[in-house]
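Enquirer: No letters, just coordinates:
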């Protein structure tokens, strides 16, 4: 028997410990940055994990990928400072060739067991086509599915990557998955007071922004559209998966 569809609503819960897992530098700042800014200002501890360093994120084939990776890591750390992240981790997987394999899941499980978050935020891995005008990047989908698989069942199963338990990294259950950029949102977080911090973080990604004003206008429009669904000025939309 199918459960009744959830009615989208304003979400006021705040996880104490939050991990954001994305494919590239800037993914999280285009995504849930305003929510992270709000939650950290209210006392949450947050970490950001970028599976790649964005070494293929350019238009010049002659550009040194390692040089670009260093630049993008610097940009991401500067962006994270606007939002209150405790730590930024780069896993140095190849940009454009990210795979949801055992090696990546092991890295994510290790980080989850070290940090022990209440909630993990990642993209919705089921989204392939967006508004009939955009194909969700293969790395986005791979990182998101790896995050989901690391959360359940691997991080909570002491026999998954058993050597981690023997190292002292005990199994850890994550109770909430917040999937952003979803076409099935169920909760909205009011970010009316933190959109400026999101946009300040995004401006740090200068290597990726061809027209910062246009980008900021588009993000404000999307946030306003999400906010209108729940009667606030601006909101982030999530598909909330409650595991416990």
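Expert: In hand now; what should we look at? Predicted model, so just to flag it, every value in this text is computed and none were measured. Numbering: from 1, shown residues only.
Enquirer: separation between residue 37 and residue 145?
Expert: With distances taken as CB to CB, to the nearest Å, residue 37 is found 26 Å from residue 145. Backbone N, C-alpha and C define where each C-beta goes, glycine included.
Enquirer: now residue 193
Expert: 33 Å.
Enquirer: Which one's more surrounded, residue 37 and residue 145?
Expert: More crowded of residue 37 and residue 145, by other CB atoms under 10 Å: residue 37, with 24 against 19.
Enquirer: who's in contact with the more buried one?
Expert: 82-84, 191, 194, 197-198, 201 (CB atoms under 8 Å, 6 or more residues apart in numbering).
Enquirer: try it again with 6 Å
Expert: 83, 194, 197 (CB atoms under 6 Å, 6 or more residues apart in numbering).
Enquirer: surely the last one meets residue 80?
Expert: It refers to residue 197. No - taking contacts as CB atoms under 6 Å, residue 197 lies outside contact range of residue 80: 11.2 Å.
Enquirer: Tell me which of those two has more neighbours.
Expert: When neighbours are counted by other CB under 10 Å, residue 197 and residue 80 differ, and residue 80 comes out ahead with 25 against 20.
Enquirer: Look up phi and psi at the nearest residue to the more buried one once chain neighbours are set aside.
Expert: Excluding the flanking residues, the one nearest residue 80 by CB to CB, 6 or more residues apart in numbering is residue 88, at 4.9 Å. Here is the backbone geometry of residue 88 (degrees, to the nearest 10): phi -120, psi 130.
Enquirer: With the one 3 residues further on instead?
Expert: Phi and psi for residue 91, reported as degrees, to the nearest 10, are phi -90, psi -10.
Enquirer: Lovely, talk soon.
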